[in-house]
Every structure is written in C-alpha cells, then in structure tokens.
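Trainee: Give me a model of this one.
(one chain, ligands or ions: 1)
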Amino acid sequence: SSILLIFVFYTFQMENTTLLELAENYGTPLYVYDGDVIAAKVERLRAAFKEVNMKIKYACKANTNISVLALMKKLGVDIDVVSPQEMKLALSAGFSPEQITFTSSGVGFDEIEACVNEGVLVNIDNLSTLEKFGQKYGSSLPVFIRIRPNVAGGGNEKISTGHGNSKFGIPIEQKGEILKLVNKYQLRIVGLHQHTGSDIKDGSTFVQAAEVMFELAKDFDNLQYLDFGGGFKVPYKEGDVETDMEDLGVQLSARFKAFCASYGRELELWFEPGKYLVSESGLLLASVNVVKNNPNGTLLGLNTGLNHLIRPMMYDAYHGVYNISKAKEEASKRYNIVGYMCETDDIAKDRTLPETEEGDIMAIRNAGAYGFTMASNYNSRFRPAEVLYYQGKSHLVRKRETMEDILKNQILIEL
Ligand code: LLP
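Mentor: Purely as a prediction, here's the structure:
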C-alpha cells in the first residue's frame, strides 16, 4: 500500500553502514537526524496545500537543536515557540523576529513581554492575559488569539488539547468576552489559532475545527492569518495509518478558499507541525549492554532509557527498533527491549529481531520529535550527542554532556 511505501521511504534514507560509522565515531547513545527526510516532509506538506497561501510554522518544541532550526530556516519554514527560551534559540539559529510566533499557554505576563520586546508576534490563550495585553499595548501591536474549539483531537488523553476540559485556549463559548476586550482596547487581532492535539490521524478533525474558526472569524475585521495548529499523525509502525495529507489538502483548501471569498480577503493558512516534520527523521542509536535470558523471554538492555526517550513510558508510544549490526540477518527471535535506568523503562515489547549480541548497535525509530527535547539527567546520566545528516554529510550538532554539565549550578555547602 502507499502507506507502507511512504513508511519505507522516510525511514531508510540513511545507509546502515553510515549509521554504524556515526555510532563508532561519536559513541552511543546518539541521536541522528536525517535532514533530507525533513526536507521531503516540508515539500509534501507544501504540495498538499499548493492551492492556498499556506505557511509552515514549525513547532520547535519537538526538536530545538539550533542546527535543525537553521535547516528549517533554509527550507523557508517559519517557527512557533512556546517559551522565551525557545524564542532565543530561534533567534540564535538565524530567524528574524517576524518569522517567529510565540504560542503561549498559561504563561506569566513577563514571558509575553519578553517576546514582544524582541518583536515577536504573540498568541494569547487566556482572557486575563488578553486584558493585560490590552492595558499595556492597546492597539499598538498585532496579536493572535488561541481558541479552544471544543473539537477533540489527539491520539491519547495526554496529548488532546481541544476538548472542553482542556487547559489550552480561550473557550469558544467566551466569544462575547473576547469581543468586549477587543472593543475596549481596540485590539488588533490579526490571527486566530487552534490546536486540538497530537497524533491526529483523522483529517476530518482539522476540517471540523476549521469550520468553528471560520464561523468565529466573521466577527473579526482585520484577520490576516488562520492557524490550524499541528498534530498530524505520522506512522510509527509498518501499516500505521497517518493523516492523509493530500486528502486533507483538498478538503481544507476548498473550504479555506470559500471562506476567504466570503471574508473578502486572501488570508494565510498556517500550520505548526512538530512531529510531522521531524519525527521520522530521527533515530536514537544505542548499544546493547546486556542480553538477559529471563525464564519468560529474553531482554535486551540498552545504554539508553527513559532519560533519553520518555515517550514509550509516558504515552505507551510504539517506537520501531532494529539491529543495525545484524541488518542483513533474518529476524528470528523475540525480545523485550529495556533501558538502563533504575525504573521499569521498557522501550519496546515483543519484537522479532535477528539473534542479538551484547555490543550490537540498535536504532530506535521516530526519535526526531520529542526525543532529545524531553530528555533529562535522571540517574545523573549525560544526555546524548546529536548528529544532523544532510545531503550526504554528517555534522555533530551537539556534544555529549560531561560531568561538568551535571555539576554546573550545583552548590556544595559547608556543613
Ligand atoms: N502547536 C501547538 C500549540 C502545540 O501545543 C503542539 C504540540 C504543536 C503545535 C505540535 O504538535 P505535533 O505536530 O508535534 O503533534 N510530547 C508529546 C506531544 C506533545 C505535543 C504538545 N503540543 C509526544 O511526544 O507525543
């Protein structure tokens, strides 16, 4: 099927020999990102929405390595940040303030000010914050509003943001209050935003949320942008159904065009994908520390764990795992793959792999999004190094941490 072809296409760009060389040169655990996969995803999204004026605002929380950000810039992708620190990273990577949007969620007003002071457009998700914004800036600055459309999207509860009980966005029911603030402070609302969750496989969720936005947009006179968020589902295992981007492109573009015609102005359609752009580009390479023959099955203990990739434990997320050292051998044995932390940090259960030995190099797939950015120093271990491979060349883009990093900021007192 086409889904399977796409899966194969996006995950087998890099040769196994190249990966083994990288593991050899830089050691493991090692995050490796394939920039050509990122470029292909950008192209695919653009092609699907070529009928409308679509802009990609990469949700950089998925992967904030500044060289990955610089690649996005080179590809003509803008950036969505969720903290002043991410904003600074984007600026460090070479983005100009106009290319950055700050999508805040329950932040202190000082963070709004920090971004405004750099000339970054802010997206506000709370009535009291909007009031403060009005008091301080009035109509002097353009601003975005994040709406909660009461559309439930998302692969699991932890990553659903559009439903009625969610903490994200201003509830659509409070439209009257929003409009009152807009009038009171003459706010220049240039865009409306919504994001209903992550791992949304059903394109109709986006269409449904868009209909809510179109309806709401009628009440705002000066809109330039409608932002439909991120959250496209990517395949994690063979046969997985991902968001049908081409179909969504057709469905949403037609509705968007019709809306623009009735609004009387050509708006920009924004998306802020994270996973869609970077998930499949990344592998986490790790070595097999131990093979343990338990009575109920064989365990492979890797030199990584929830400190580097928390998704399996936090969301029960499926990540493909394969043995690069034995890539040519037949998958013949079932394994459970676990981490090296003092926790039950299962990475993958019941996977059929070639007969695996201690010292083999394993690759964990879909590690490009929410891998390194959610990594920690738990058990006082170092976070991995990162490599970006692009157009045939690999570049070290983050050094492995050292003991100095662990000790930095700690203060030993005299007792
Ligand atoms: N826009 C907003 C406002 C968001 O909150 C998010 C993700 C995105 C865009 C990008 O969503 P994406 O395209 O990456 O699905 N750590 C979780 C995902 C949390 C997503 C948080 N917000 C995971 O690893 O599954």
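Trainee: And the helices in the protein?
Mentor: 2-11, 16-26, 35-48, 66-74, 84-92, 109-117, 127-137, 175-185, 203-217, 245-263, 275-278, 311-315, 403-407 (DSSP state H).
Trainee: Now the longest one: buried residues?
Mentor: By that I understand helix 245-263. By neighbour count on 16 or more other Cβ atoms under 10 Å, the buried set for helix 245-263 is 245, 248-249, 251-253, 256-257, 259-260, 263. Heads up, the C-betas are built off the backbone N, CA and C, glycines and all.
Trainee: Output the contacting helices and strands for it.
Mentor: helix 35-48, helix 203-217, strand 268-271 (3 or more Cβ pairs under 8 Å, 6 or more residues apart in numbering; DSSP states H and E).
Trainee: mind redoing it with 10 Å?
Mentor: For helix 245-263, the elements it packs on are helix 35-48, strand 54-59, helix 203-217, strand 225-227, strand 268-271, judged by 3 or more Cβ pairs under 10 Å, 6 or more residues apart in numbering; DSSP states H and E.
Trainee: any bit of it sitting next to the ligand?
Mentor: No: in terms of Cβ under 6 Å from any ligand atom, no part of helix 245-263 sits within range of the ligand; the closest distance is 12.3 Å.
Trainee: Quick one: neighbours of Q208, just the number.
Mentor: By the criterion of other Cβ atoms under 10 Å, Q208 has 17 neighbours.
Trainee: what's near enough to touch it?
Mentor: Q208 makes contacts with 149-153, 162, 196, 202, as judged by Cβ atoms under 10 Å, 6 or more residues apart in numbering.
Trainee: starting at the chain centroid, how far to stretch 394-406?
Mentor: 22 Å (Cα atoms, centre = their mean, to the nearest Å).
Trainee: Run the angle between the strand ranked longest in the chain and helix 16-26 for me.
Mentor: Using DSSP state E, we find that the single longest strand of the chain is strand 282-294. With axes from the mean of the first three to the mean of the last three Cα atoms, to 10 degrees defining the directions, strand 282-294 sits at 80 degrees from helix 16-26.
Trainee: Show me what strand 282-294 is packed against.
Mentor: Looks like strand 282-294 contacts helix 16-26, strand 30-34, strand 297-302, strand 321-323, strand 333-338, strand 361-364, strand 385-390 (3+ Cβ pairs under 10 Å, 6+ apart).
Trainee: List the pairing partners of that strand within its sheet, with orientation.
Mentor: Strand 282-294 pairs in its sheet with strand 30-34 (antiparallel), strand 297-302 (antiparallel), strand 361-364 (antiparallel), by DSSP bridges.
Trainee: does the ligand sit close to that strand?
Mentor: No: applying Cβ under 6 Å from any ligand atom, one finds strand 282-294 separated from the ligand by no less than 11.9 Å.
Trainee: and that strand with helix 35-48, angle?
Mentor: Using the same axes, to 10 degrees: strand 282-294 against helix 35-48 is 120 degrees.
Trainee: okay if I get the helices and strands packed on helix 245-263 as CSV plus distance to the ligand and mean pLDDT?
Mentor: Shown next, in CSV, are those (distance: least, Cβ to the nearest ligand atom, whole Å; pLDDT from 0 to 100):
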stretch, distance to the ligand, mean pLDDT
helix 35-48, 11, 97
strand 54-59, 4, 98
helix 203-217, 12, 94
strand 225-227, 8, 98
strand 268-271, 8, 98
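Trainee: Mean neighbour count, the ones you listed: which tops it?
Mentor: Stretch with highest mean neighbour count among the helices and strands packed on helix 245-263: strand 54-59 (a mean of 24; mean count of other Cβ atoms under 10 Å).
Trainee: which strands and helices sit next to that one?
Mentor: Secondary elements touching strand 54-59 (3+ Cβ pairs under 10 Å, 6+ apart): helix 35-48, helix 66-74, strand 78-81, strand 100-103, strand 225-227, helix 245-263, strand 268-271, helix 275-278.
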